[in-house]
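Enquirer: Quick one: sequence and predicted model below, then my questions.
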Amino acid sequence: MELKIMKTCTGKSSSTPLRNLKMAALAIGAGLVLAGCAGNPPTEQFAVTESAVNSAVSAGGTEFAAVEMKTAQDKLKQAEIAMHDKKYDQARTLAEQAEWDARVAERKAQAMKAEQAVKDSQKGVQELRQESQRTVQ
């Protein structure tokens with residue numbers, strides 16, 4: 001009976017330090033990843049954001065989605081200031097927000113252009129109908 005108790009205790013005690021070691025390694029790894037993200041400038045995010053803003057401008061965002069474009073451009077400027085001040089987390093967050101605002105502006109501009117094209121087509125069809133009725137009479 002004592003042999004079983006020793007085995008059980010030995011089994012538990014050997015897995016506990018191993019488990020603690022795994023948890024410590026996981027905690028250290030997570031800390032290093034977070035520290036690495038906080039200390040690096042978000043240059044890749046800035047490139048993506050600038051590309052999104054340029055695409056939105058090309059799609060007509062300044063004309064068809066002026067509010068969203070202004071928001072995106074303002075947030076990008078704020079992100080650049082935060083980057084200059086080495087506030088990389090804030091810069092990354094603002095750049096991400098600016099990217100999504102630019103994407104919204106681009107989609108809105110595309111939708112407005114498509115809506116305008118539909119209206120123009122409907123107007124053209126209506127004019128053709130009116131002209132065909134005039135020639136019949």
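Expert: Nice, I can see it. No experiment lies behind these values; they were computed from the predicted model shown. Numbering: from 1, shown residues only.
Enquirer: CA atoms for contacts and neighbours, from now on please.
Expert: Noted.
Enquirer: Let me see the domain layout of the protein.
Expert: 1-39, 42-136 (automatic domain parsing).
Enquirer: Pick the most deeply packed of those domains.
Expert: Mean neighbour count (mean count of other C-alpha atoms under 10 Å) peaks for domain 42-136 among the domains of the chain, with a mean of 18.
Enquirer: Quick one, grab the pLDDT at residue 12.
Expert: Confidence at residue 12, expressed as pLDDT, is 49.
Enquirer: Ok, the one 3 residues further on next?
Expert: At residue 15, the model reports a pLDDT of 53.
Enquirer: Spit out the contact partners of residue 96.
Expert: For residue 96, the contacting residues are 45, 49, by C-alpha atoms under 8 Å, 6 or more residues apart in numbering.
Enquirer: do you know how far it is from residue 56?
Expert: 15 Å (C-alpha to C-alpha, to the nearest Å).
Enquirer: one step back: just flag whichever of the domains of the chain has the lowest average confidence.
Expert: domain 1-39 (a mean of 55).
Enquirer: quick one, helices of the protein?
Expert: For the chain, the helices defined by DSSP state H cover 2-39, 43-58, 61-64, 66-84, 88-136.
Enquirer: helices and strands around the third one, which ones?
Expert: With contacts taken as 3 or more C-alpha pairs under 8 Å, 6 or more residues apart in numbering; DSSP states H and E, helix 61-64 sits against helix 66-84, helix 88-136.
Enquirer: and of the ones you listed, who's closest to residue 47?
Expert: helix 88-136 (9.4 Å; C-alpha to C-alpha).
Enquirer: Now do that closest one against helix 66-84, angle only.
Expert: 160 degrees (axes from the mean of the first three to the mean of the last three C-alpha atoms, to 10 degrees).
Enquirer: Just confirm residue 39 contacts residue 90, I think it does.
Expert: No: the criterion here is C-alpha atoms under 8 Å, and residue 39 misses it with residue 90 at 11.6 Å.
Enquirer: returning to what we had before: could you redo the helices and strands packed on helix 61-64 as TSV and give each row distance to residue 48?
Expert: As requested, the helices and strands packed on helix 61-64 are exported to TSV (distance: least, C-alpha to C-alpha, whole Å):
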stretch	distance to residue 48
helix 66-84	11
helix 88-136	7
